[in-house]
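>>> Quick one, structure for this:
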Amino acid sequence: MSSISRDALLTSLREVVGSDHVLTDEQSTRRFRKGHRTGEGGVLAVVRPGTLLEQWRVLQAAVAADRIVIMQAANTGLTGGSTPDGNNYDREIVLVSTLRITGVQLINDGQQVVCLPGATLDRLEQALAPLGREPHSVIGSSCIGASVLGGVCNNSGGALVRRGPAYTELALYAQVREDGTLELVNHLGIELGTSPEEILTRLQSGDYSPLHVRNDGAAKASDARYGEHVRDVDADTPARFNADPSRLFEASGSAGKLCLFAVRLDTYAKEASSVFYIGSNDPHDLTEVRRHLLAHLPRLPIAGEYIHRTAFDIGEKYGKDTFLVIDKFGTAKVPAAFALKSRVDGFFERFGLRGVADKVIQALMNLLPSHLPQRMREYRDRFEHHLLVRVSNDTLEQTRAFLAEYFANRSSGAFFECDAEEGRKAFLHRFAIAGAAIRYREAHRSSVEDIVALDIALRRNDRDWVETLPTEMEEQIIHKLYYGHFFCHVFHQDYIIRKGVDPLAMEHGMWALLDERRAEYPAEHNVGHLYVAKPALAGFYRELDPTNALNPGIGHTSKHKHWGECCDGH
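Predicted coordinates for the structure are as follows:
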C-alpha cells in the first residue's frame, strides 16, 4: 500500500472535484458499486469529475496513491464490467464516474463525431437527428442511457447488420505505463496542443477548427470491413465476438484498461426502410432466408432480429412497461425511469425489501391489455420462430419477391409486410424482451434462483442454430428465452433457473456445450466479471495496463498489482 493515507487521498480528490462529488457512504455509492444486472463490491470512494481536466487530475491522484481505478460511465453493462466484483482486491478502489462530462462535438459536417466520457447514445442520437444521420447503435442500449465510450470499450455489437461492433482507432486516452507513470495519448487525429492541460481544456471547450482535424484515412473511425465479413455465409467462424483480435485496438475493446477521454466515430445517413415479419415452425426456413438475403441482396439488410415464442411471451408480459414508456414518451425518458426505479429499490433495500418497484410495476402491467399488433399475436399462435427483417427501400422489391417465392408452397412458415406502426412495434417488442427475464425473476423470487444470461456467436455457416440441452439441464430451467441478431448469428440466451439450482455450475455447463459447438462467447456484452477472457483478450489487457492499476480482475484475470497470482484459479 502507498504511504499516502486514505484521508489524504480523499482530501486531494475533494480539492479536485469538490466535496459534493466525492461519495463515500454505502447509500450514495450504491448505484455506482452495483451493476445493472450483476456485480457489486466495496470502494474507497466514487468520484464524479465535471471536466476532462478534473478527470485527469483524479486519475493522477489515485495512481500516485497506488489505488485501483475503475472507470465507469452509465453503468448499464450486463456482465458487471464497470463495477467492483467482490472485496478481494489487494488495493482500495477509486471508482470514477464520468457521467457529468457530457459532450458531443460534430466534425466533418456531421459525418463524424467526437464524444466525451459522459456522452450517451441517446444524446448522440438526438444531436445527429437534425442532420438526417444516426450513430452506430440505435434503439437497444441507447434506451437505458448507455454511454458511447462504454460501447467502444466493449466492442459492443447491436442490431444493425452493416455496422458490426463499435470500433475506432481514433481516441484520446491515459495509460499507466510499466514504471507506474501516467501518460496522455492523443490519437484523436485532432491537433490540440502538447501538454495534458492544454489538450484536455481545448477539447472540452471545442477550441479547434476544421484545419486541426486530420482526415488522412490511415486510422479508421468504424469497422468498415464488417459488411463483407458478414456476407460470407459459408465461413466456418463467427462474424463477431468480443475476443476477436482483429477488432482489439487501443480504446476499442479496452474494457477499462485505459482511461478514455474521447473517441472519434463515424456517423451514418438515415435511410427509408421497410419491415417484414416472418414466422415458421421449421428453423430451416429462417436459415434459408438469412443465407439468401445476406449473400444475394445488392445491399445488406439493415437488421434481422430473431425471437423464439417463449421469449415473445415473456417479453409481452414482463417487458410491457419498457415497451409502453418508449412507445408513449420516447427513448429520452427511459434513463430517467431507470434511475427513479434504482432509487426506489435502494430505499426499500435498506429495510430488507427487495424488488419492490418491480413487483408494483408488474402488478399494474398485468391489468393492461396486450400492447402488440393483432397480426404479431396471430403469428405468435401459429409459429414457434419469428424473424423481423428490416431492409432499405432500394432492396424492398427484391426482398418481397424472394419471400413470396420461398413461402409460396410451404406450410411451415409465412410472412407479412408490416405497416409503419407494426414495424416500429415489432422491433420495440424485440428490445423490450432483453430486460424481461430480470423482471420475471423479481416477480417470482420464491421459485426462481437466478438468471443465466449468455450472448453467443455461432459460426456463419452453422445451420444447426437451435439449441438442444441435455434432459438434466432442461429439468433445472423454468424458461429459456432465445432472441438475437440472427443475420450476424449472435444469440442472446437467458435461462431462468429453478430455486435451489447453482447458476454458476449451470453456466459452466453451458460453456462446455458451446465449446462443443465451436461457438464464441461472449459475442457483444464483453467478458465483464462473468466470462473468462481468452488468451488473446487477456494478453491485450495486460499490454494496455502492465501494472494492473485499471479495472483489475476483468475476465477472471488477476486482481493483484503487476498481475500477481493470475488468474483467480481459472
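
>>> Show me the domain layout of the protein.
If the domains of the chain are taken from the TED database, they occupy 6-100+535-564, 104-269, 273-445, with pieces of a single domain joined by a plus sign.

>>> Find the nearest non-adjacent residue to residue 297, please.
When the adjacent residues along the chain are set aside, residue 297 lies closest to residue 395, with 5.0 Å between them (C-beta to C-beta, 6 or more residues apart in numbering). Every C-beta, even on glycine, is put in place using the N, C-alpha and C of the backbone.

>>> from what I can see the one you found touches residue 302, true?
No: with the criterion set as C-beta atoms under 8 Å, residue 395 and residue 302 do not qualify as a contacting pair; they are 9.3 Å apart.

>>> biggest helix in this protein, by residue count?
Taking DSSP state H as the assignment, the helix of the chain that covers the most residues is helix 334-349.

>>> Show me what secondary structure element comes after that one.
For helix 334-349, the following helix or strand on the C-terminal side (DSSP states H and E) is helix 356-365.

>>> hmm, who's touching the helix or strand that that next one is followed by?
Read in the C-terminal direction, the helix or strand following helix 356-365 is helix 374-382, with elements assigned using DSSP H and E. Contacts with helix 374-382, where a contact means C-beta atoms under 8 Å, 6 or more residues apart in numbering, come from 277, 279, 309, 312-313, 370, 386, 414, 416, 422, 425-426, 429.

>>> which residues of this protein score low on pLDDT?
Residue ranges of the chain with pLDDT under 70: 1-2, 139-144, 331-335, 565-570.

>>> Pull up the gap between the closest residue to residue 80 other than its chain neighbours and residue 31, please.
When the adjacent residues along the chain are set aside, residue 80 lies closest to residue 39, with 2.4 Å between them (C-beta to C-beta, 6+ apart). Taking C-beta to C-beta, to the nearest Å as the criterion, residue 39 is separated from residue 31 by 12 Å.

>>> For residue 499, find the nearest of the domains of the chain.
Evaluated over the domains of the chain, closeness to residue 499 peaks at domain 273-445, with 8.7 Å, by C-beta to C-beta.

>>> tell me how far that closest one is from the chain's mean position?
Shown here is domain 273-445, whose average C-alpha point lies 18 Å from the average C-alpha point of the whole chain (C-alpha atoms, centre = their mean, to the nearest Å).

>>> now swap in stretch 11-31 and tell me
In terms of C-alpha atoms, centre = their mean, the centre of stretch 11-31 is found 27 Å from the chain centre.

>>> go on, stretch 510-520?
Taking mean C-alpha positions (C-alpha atoms, centre = their mean), stretch 510-520 and its chain are 22 Å apart.

>>> And that stretch, what's buried?
If you call a residue buried by 16 or more other C-beta atoms under 10 Å, then stretch 510-520 has these buried ones: 510-511, 514, 519-520.

>>> Then stretch 110-120?
With burial defined by 16+ other C-beta under 10 Å, the residues of stretch 110-120 counted as buried are 112-120.

>>> same question, stretch 446-461
When burial is assessed from 16+ other C-beta under 10 Å, stretch 446-461 yields the following buried residues: 448-460.

>>> which stretches of the stretch 201-350 of the chain form strands?
For the stretch 201-350 of the chain, the strands defined by DSSP state E, counting those that start in this stretch cover 259-266, 268-269, 273-280, 303-308.

>>> Stretch 526-534 spans what distance, first to last residue?
Using C-alpha to C-alpha, to the nearest Å, the span of stretch 526-534 from its first residue to its last is 11 Å.

>>> what does that stretch rub up against?
Here stretch 526-534 makes contact (C-beta under 8 Å, 6+ apart) with 35, 38-39, 77-81, 85, 153-156, 242-243, 253, 255, 507, 521-522, 537, 541, 553-557, 567, 570.

>>> and if you look at stretch 418-432?
Under the criterion C-beta under 8 Å, 6+ apart, external residues in contact with stretch 418-432 comprise 139-140, 143, 159, 274-277, 303, 305, 307, 312, 315-316, 319-320, 322-323, 326-327, 371-373, 375-376, 388, 390, 483.

>>> mind running it again at 7 Å?
Outside stretch 418-432, the residues within contact range by C-beta atoms under 7 Å, 6 or more residues apart in numbering are 139-140, 143, 275-277, 305, 307, 315, 319, 322-323, 326-327, 372-373, 375-376, 388, 483.

>>> which among the residues you listed end up buried?
The neighbour-count test (16+ other C-beta under 10 Å) applied to those identifies 139-140, 143, 275-277, 305, 307, 315, 319, 322-323, 326, 372-373, 376, 388, 483 as buried.

>>> Now tabulate the buried residues of stretch 110-120 in a markdown table and tack on secondary structure.
Converted to a markdown table, the buried residues of stretch 110-120 look like this (DSSP: H, G, I helix; E, B strand; the rest coil):
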| residue | secondary structure |
| --- | --- |
| 112 | strand |
| 113 | strand |
| 114 | strand |
| 115 | strand |
| 116 | coil |
| 117 | coil |
| 118 | coil |
| 119 | coil |
| 120 | strand |
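
>>> what two of the residues you listed are the furthest from one another?
The two members of these with the most space between them (C-beta to C-beta) are 112 and 118, at 19.0 Å.

>>> Please enumerate the helices of the stretch 351-500 of the chain.
Listed in chain order, the helices of the stretch 351-500 of the chain (DSSP state H, counting those that start in this stretch) span residues 356-365, 374-382, 396-407, 420-433, 436-443, 471-474.

>>> Mind giving me the ChimeraX command for buried ones among the contacts of stretch 526-534?
Only the buried members of the contacts of stretch 526-534 end up in this ChimeraX selection, burial being decided by 16+ other C-beta under 10 Å:
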select :35,38,39,77,78,79,80,81,85,153,154,155,156,242,243,253,255,507,521,522,537,541,553,554,555,556,557,567
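
>>> thinking again about what came up before, nearest to residue 360 among the buried residues of stretch 510-520?
Nearest to residue 360 among the buried residues of stretch 510-520 is residue 510, at 32.7 Å by C-beta to C-beta.

>>> which ones are touching residue 436?
So residue 436 contacts 314-315, 318-319 (C-beta under 7 Å, 6+ apart).

>>> Out of those, which is nearest to residue 259?
When the contacts of residue 436 are ranked by distance to residue 259 (C-beta to C-beta), residue 319 comes first, at 35.1 Å.

>>> Count the neighbours of the spatially closest residue to that closest one that is not a sequence neighbour for me.
In space, and not counting its chain neighbours, residue 319 is closest to residue 432: 3.2 Å by C-beta to C-beta, 6+ apart. For residue 432, the number of neighbouring residues by other C-beta atoms under 10 Å comes to 26.

>>> ok, now residue 99?
Using other C-beta under 10 Å, the number of residues around residue 99 comes to 18.

>>> Repeat that for residue 318.
Going by other C-beta under 10 Å, the residues that sit close to residue 318 add up to 26.

>>> my guess is it meets residue 438, correct?
No: with the criterion set as C-beta atoms under 7 Å, residue 318 and residue 438 do not qualify as a contacting pair; they are 8.3 Å apart.

>>> In space, what's closest to residue 343 - neighbours in sequence excluded?
If the residues on either side of it in the chain are set aside, residue 343 comes closest to residue 31, at 7.8 Å by C-beta to C-beta, 6+ apart.

>>> And that neighbour, which helix or strand is it part of?
Under DSSP H and E, the secondary-structure element containing residue 31 is helix 26-33.

>>> May I have that helix as CSV, with CA atoms only?
Output for helix 26-33, consisting of C-alpha atoms alone and laid out as CSV, is shown next (Å, rounded to 0.1, in the frame of the first residue of the first chain):
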residue,chain,number,x,y,z
GLU,A,26,-22.9,3.0,1.4
GLN,A,27,-26.2,4.5,0.3
SER,A,28,-24.8,7.3,-2.0
THR,A,29,-22.3,4.9,-3.7
ARG,A,30,-24.8,2.0,-4.2
ARG,A,31,-25.9,2.8,-7.8
PHE,A,32,-22.3,3.0,-8.8
ARG,A,33,-21.0,0.0,-7.0
